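Q: Give me the fold of what follows.
(one chain, ligands or ions: 1)
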Amino acid sequence: MTTTSTEQPPRPSAAPTDDSGAPGTATEHHRVIVIGTGFGGIGTAIALRRHGFSDVVLLEKADDVGGTWRDNTYPNCQCDVPSNLYSFSHTPNPEWSRTFAPQGEIQNYLRGVVDAEKLRPLIRFGHEVTEARWNADVSRWDITTPAGRFSAEVLVSAHGGLSAPAVPDIEGLDQFEGTVFHSANWNHDHDLAGERVAVIGTGASAIQIVPGIVDTVGHLDVYQRTPAWIVPRLDREVSERQKTWYRRLPTLQLANRAVQYASRELMAIALTRRPALLRFPERAARDHLERQVPDPALRAELTPTYQIGCKRILLSNDFYPALQKPNAELITGGVSRITATGVVDTHGTERPVDTIVLATGFNVTQHPIAGKVFVADGVSLAERWNNGMRAYLGTTLDGFPNFFALMGPNTGLGHSSIVYMLESQINYVLDCLLHMDAERIATYEVRPDAVATFDAEMQKRLASSVWNQGGCASWYLDSTGRNTVMWPGFTFEFRRRLKHFDPSAYTAVSRPGVPGRFGPEAPNAAVASAGAVAT
Ligand SMILES: Cc1cc2nc3c(=O)[nH]c(=O)nc-3n(C[C@H](O)[C@H](O)[C@H](O)COP(=O)(O)OP(=O)(O)OC[C@H]3O[C@@H](n4cnc5c(N)ncnc54)[C@H](O)[C@@H]3O)c2cc1C
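A: Residues are numbered from 1 along each chain as shown. Reported below is the predicted structural model:
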């Protein structure tokens with residue numbers, strides 16, 4: 001975290017003001033508004049508050065915090081990065097029951113952090129941001145939710161990269177007469193006991209769901225389009241003794257975190273620079289498959305034809321065994337269509353089912369929030385990203401002043417904790433706010449050349465990565481083949497590059513009437529742009 005002074009200059013009142021123009025509605029103004037209350041939103045609020053920014057509000061469309069860990073409640077849902085690493089650096093949790101904690105524990109951890117940090121009063125649940133529009137006249141974001149209108153000097157979108165379920169466009173899906181739900185919206189009111197169930201997909205969620213339900217359902221069809229590389233999950237119970245040590249000596253847990261972190265960073269070399277090194281994890285995955293699947297025909301169906309790492313490497317000890325249970329069947333090739341009562345595979349065979357579980361992932365490159373954020377000329381983020389997502393340091397965009405996208409383009413990982421990336425971005429937001437106050441800046445807007453230079457660097461570095469060269473089609477690549485999802489290096493490089501806000505990459509506008517670095521200026525007239533682009 002940055003150690004810049006925490007003293008803040010006086011801020012304008014945060015009280016609701018009746019300036020919306022609409023009769024009977026008041027617009028509530030805040031210094032910073034954060035969209036979302038997952039790791040990103042919660043982490044942002046904590047960092048800003050700890051550094052003296054008290055006028056922060058979080059808008060959350062749901063009725064609880066947790067984001068990913070509130071929504072993904074499917075059976076057997078767990079993280080796939082060890083919990084000592086997949087948690088806030090400032091709040092280790094000695095109570096994790098397993099090395100890879102189950103969903104409910106992560107959700108409770110986030111709830112606990114919110115309570116310990118007294119964040120609940122800042123959160124407005126049931127406030128889905130339906131529009132955020134930059135108002136250049138007064139240098140603020142006007143934000144609309146069904147439950148009220150807001151404005152903010154700074155908007156941080158912690159909407160989550162994996163928070164918009166992707167429902168596949170399969171012919172006949174809307175005609176299906178049974179029950180259908182997405183893995184991220186598990187229908188707990190629906191009893192699967194004894195049913196014929198189809199799970200569509202064999203990605204990260206599916207390989208947890210299949211062993212989670214195989215013993216409950218009557219029959220399970222698992223539809224696989226492309227097999228995944230799966231390595232053993234080195235998961236174990238954390239003993240009471242170990243928990244006691246963690247409670248007494250938090251440094252021990254931090255040391256474990258450091259080991260987990262460092263060992264994962266080694267993988268970045270293989271994924272991004274030396275794909276030849278991937279033969280070692282590939283050997284481990286092949287051995288795992290051979291050990292767990294004796295039938296050569298089934299093994300062949302489960303063996304990927306692309307290089308390991310091209311798609312997310314999955315961890316599981318119980319997926320292959322679940323597939324070999326007498327009531328389970330693997331159907332390769334995927335789904336061609338759905339009828340009123342069943343699923344038709346690509347060979348034309350229809351299998352009747354009662355329930356379809358769509359384990360089909362998330363809209364990553366076309367997140368709905370992008371269609372809701374507009375700049376003054378009416379252009380939305382989605383329109384800006386029509387030709388592919390781009391953002392400076394994965395976080396800021398030209399044309400979108402005082403706007404930060406957490407988990408933005410090229411911040412995804414194949415080997416470590418997203419929370420680490422989020423904390424890096426949060427630090428950048430914080431340092432920007434400290435700069436704004438120190439320099440009396442009303443708006444910072446990243447320069448287009450900074451965005452273009454950063455994007456060119458990303459694409460150049462990713463060109464030789466396994467994600468681009470490994471011979472698979474994945475959600476890391478957009479429709480034009482650009483990799484706009486993954487970070488092409490070590491995570492500590494990302495941390496270093498976002499450690500300090502770099503004003504030289506930005507155009508700054510001084511606060512009206514306030515003598516700042518660029519002198520007292522009329523509103524929006526004091527445009528200062530200086531220095532070379534920092535990359
Ligand atoms: C099943 C699953 C397992 C995962 N496991 C791992 C793992 O092991 N390790 C790892 O590093 N990553 C994992 N991830 C990725 C995970 O999403 C991130 O690690 C992290 O939780 C993202 O946090 P976030 O706050 O950015 O987003 P989220 O947790 O998705 O939170 C976003 C929040 O924004 C809210 N929101 C969205 N749009 C709006 C709107 N318009 N208005 C108001 N609120 C809105 C949502 O309701 C949500 O609460 C996993 C993801 C999934 C889906």
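Q: hmm, the helix or strand hosting Phe492 in reach of the ligand?
A: Assigned by DSSP states H and E, Phe492 falls within helix 491-497. No - Helix 491-497 does not reach the ligand (CB under 6 Å from any ligand atom); its nearest approach is 10.5 Å. Heads up, the C-betas are built off the backbone N, CA and C, glycines and all.
Q: For that helix, buried residues please.
A: 491, 494-495, 497 (16 or more other CB atoms under 10 Å).
Q: CA atoms of that helix as PDB?
A: Extracted as PDB, the C-alpha positions of helix 491-497 are listed here (Å, rounded to 0.1, in the frame of the first residue of the first chain):
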ATOM      1  CA  THR A 491       1.900 -10.600 -11.000                       C
ATOM      2  CA  PHE A 492       4.600  -8.700  -9.100                       C
ATOM      3  CA  GLU A 493       5.200  -6.800 -12.300                       C
ATOM      4  CA  PHE A 494       1.600  -5.700 -12.300                       C
ATOM      5  CA  ARG A 495       1.900  -4.800  -8.700                       C
ATOM      6  CA  ARG A 496       5.000  -2.700  -9.400                       C
ATOM      7  CA  ARG A 497       3.400  -0.900 -12.300                       C
END
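Q: who's in contact with that helix?
A: 265, 268, 393-394, 411, 413, 416, 420-421, 424, 427, 487 (CB atoms under 8 Å, 6 or more residues apart in numbering).
Q: Format those residues as CSV; extra columns: secondary structure, pLDDT and neighbour count.
A: Listed next are these as CSV, based on DSSP: H, G, I helix; E, B strand; the rest coil; pLDDT from 0 to 100; neighbours: other CB atoms under 10 Å:
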residue, secondary structure, pLDDT, neighbour count
Glu265, helix, 95, 16
Ala268, helix, 94, 21
Leu393, coil, 98, 25
Gly394, coil, 98, 27
Thr411, coil, 97, 24
Leu413, coil, 96, 20
Ser416, coil, 96, 22
Tyr420, helix, 98, 20
Met421, helix, 98, 25
Ser424, helix, 98, 24
Asn427, helix, 98, 19
Trp487, coil, 97, 25
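Q: Kindly reformat the residues you listed as TSV and extend each row with distance to the ligand.
A: Output for the contacts of helix 491-497, formatted as TSV (distance: CB to the nearest ligand atom, whole Å):
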residue	distance to the ligand
Glu265	14
Ala268	14
Leu393	16
Gly394	12
Thr411	10
Leu413	7
Ser416	7
Tyr420	8
Met421	8
Ser424	13
Asn427	15
Trp487	12
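Q: which one of the residues you listed is nearest His190?
A: Leu413 (33.8 Å; CB to CB).
Q: residues in contact with the closest one?
A: 421, 486-487, 491.
Q: How about the backbone phi and psi for the most centrally placed residue in the chain?
A: Residue closest to the average C-alpha location in the chain (CA atoms, centre = their mean): Gly161, at 3.3 Å. Main-chain dihedrals, Gly161, degrees, to the nearest 10: phi -70, psi -30.
Q: how far away is the residue nearest to it when sequence neighbours are not counted from Gly361?
A: Among residues not flanking Gly161 along the chain, Met407 sits closest, at 3.9 Å (CB to CB, 6 or more residues apart in numbering). According to CB to CB, to the nearest Å, Met407 stands 15 Å off from Gly361.
Q: where along the chain do the helices fall?
A: Under the criterion DSSP state H, the chain contains helices at 39-50, 68-71, 103-116, 206-213, 240-248, 250-272, 279-292, 296-302, 319-323, 381-384, 418-439, 448-462, 466-469, 491-497.
Q: wait, which of those is closest to Ala132?
A: helix 381-384 (9.1 Å).
Q: Which residues outside the closest one are in contact with it?
A: 366, 369-374, 397, 399-400.
Q: go with 7 Å
A: When contacts are defined by CB atoms under 7 Å, 6 or more residues apart in numbering, helix 381-384 is touched by residues 370-371, 373, 397, 399.
Q: what about that helix, near the ligand?
A: No - Helix 381-384 does not reach the ligand (CB under 6 Å from any ligand atom); its nearest approach is 11.9 Å.
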